[in-house]
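Asker: Got a sequence here, can you build the structure:
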Amino acid sequence: MSNKLINERVEAGREYRRMSLIEARAEGNEAESYVVEGYATTFNEPYVLWEDMDGWQFIESIDARAFDNTDMSDVIMQYDHQGKVYARNKNGTLSLEVDEHGLKVRADLSGTEAGRQLYDEIKGGYTDKMSFGFVVDGEECTRFKENGIEGVRRVITSIRKLYDVSAVSIPANDATEISARAVSEGAIADAKAERLEAEKREAEKERLKLRLRAMRIKGEF
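Answerer: Residues are numbered from 1 along each chain as shown. Okay, here's the model as predicted:
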């Protein structure tokens, strides 16, 4: 996917996450089975989405009820969020199930030659990760400072729409990287500005205390 297209989608509010393992699954006659499955995302498992040059971290997790009201009426499976459609929930070749662990994806790739080739890549271990494209509807963000690390903790509480799940290449694809940076940098910058402002207020209070003490010593009041 071109960076221009990624940026356009990210600016429109779409986010991408590369999360979990995708595996080929034997089903029925293994010679005729082209089923893969895995978790596009898991719940309540914090991960570092972004870390800036100063060591500030943006930690994110997805709440177990984030998909309760998600529009999943037309979700497709692609490779790196672009190009051919390998499976689709509208025609029954892609199923999406929310369970206690996360969003489980099951895809039958037998319908096209390209899909069968992708299955062989997954079965051979050449492609073993998944990603999904979505729009957030609700979130909770808080600042934290723990064990010498500062940053922002974000919990995604509601996802408005799920666009696609994708098998993704290694190393990280541009969609994940650009999306993570776009979401994280602004929040970290705001947190840093908030901390700086608080430090300025504390410094001003200290200066005032010292001035009052000096005035008392001089007997000015």
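Asker: Give me the neighbour count for Glu194.
Answerer: If you count neighbours by other CB atoms under 10 Å, Glu194 ends up with 11. C-beta: built from backbone N, CA, C; applies to glycine.
Asker: Name whatever forms a beta bridge with Gln82.
Answerer: According to DSSP bridges, the residues that bridge with Gln82 are Tyr79.
Asker: could you point out which element follows the lengthiest strand in the chain?
Answerer: Identified as the longest strand of the chain according to DSSP state E is strand 149-168. Under the assignment DSSP states H and E, the closest C-terminal helix or strand after strand 149-168 is helix 174-217.
Asker: who does that following helix touch, helix- and strand-wise?
Answerer: helix 3-11, strand 14-25, strand 47-51, strand 57-62, strand 129-146, strand 149-168 (3 or more CB pairs under 8 Å, 6 or more residues apart in numbering; DSSP states H and E).
Asker: how far is the fifth one from where the chain is centred?
Answerer: Averaged C-alpha coordinates place strand 129-146 at 6 Å from its chain's average position (CA atoms, centre = their mean, to the nearest Å).
Asker: buried set for that strand?
Answerer: Lys129, Met130, Ser131, Phe132, Gly133, Phe134, Val135, Val136, Asp137, Glu139, Arg143 (16 or more other CB atoms under 10 Å).
Asker: Quick check: bridge partners of the spatially most central residue of the chain?
Answerer: The centroid of the chain falls nearest to Arg17 when counting by CA atoms, centre = their mean (3.7 Å). For Arg17, the beta-bridge partners are Phe132 (DSSP bridges).
Asker: picking that back up, quickly name whichever of the buried residues of strand 129-146 is closest to Ala12.
Answerer: Nearest to Ala12 among these is Val135, at 8.4 Å by CB to CB.
Asker: I'd guessed the closest one sits against Gly13; true?
Answerer: Yes: look at Val135 against Gly13 with CB atoms under 8 Å: they come within range, at 5.1 Å.
Asker: Whatever helix or strand Val85 lives in vs helix 174-217, what angle?
Answerer: Remark: Val85 resides in strand 82-88, with elements defined by DSSP H and E. Interaxial angle, strand 82-88 versus helix 174-217 (axes from the mean of the first three to the mean of the last three CA atoms, to 10 degrees): 100 degrees.
Asker: Quick one: mean pLDDT over strand 82-88.
Answerer: Here strand 82-88 scores 92 as its mean pLDDT.
Asker: swap in stretch 42-53?
Answerer: 91.
Asker: go on, stretch 149-156?
Answerer: Here the average pLDDT along stretch 149-156 is 94.
Asker: on that earlier part again, got the buried residues of strand 129-146 as JSON lines, with distance to Asp63 and pLDDT columns?
Answerer: Below are the buried residues of strand 129-146 laid out as JSON lines (distance: CB to CB, whole Å; pLDDT from 0 to 100):
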{"residue": "Lys129", "distance to Asp63": "22", "pLDDT": "83"}
{"residue": "Met130", "distance to Asp63": "19", "pLDDT": "83"}
{"residue": "Ser131", "distance to Asp63": "19", "pLDDT": "85"}
{"residue": "Phe132", "distance to Asp63": "15", "pLDDT": "91"}
{"residue": "Gly133", "distance to Asp63": "19", "pLDDT": "93"}
{"residue": "Phe134", "distance to Asp63": "13", "pLDDT": "96"}
{"residue": "Val135", "distance to Asp63": "16", "pLDDT": "96"}
{"residue": "Val136", "distance to Asp63": "11", "pLDDT": "96"}
{"residue": "Asp137", "distance to Asp63": "12", "pLDDT": "96"}
{"residue": "Glu139", "distance to Asp63": "9", "pLDDT": "96"}
{"residue": "Arg143", "distance to Asp63": "19", "pLDDT": "92"}
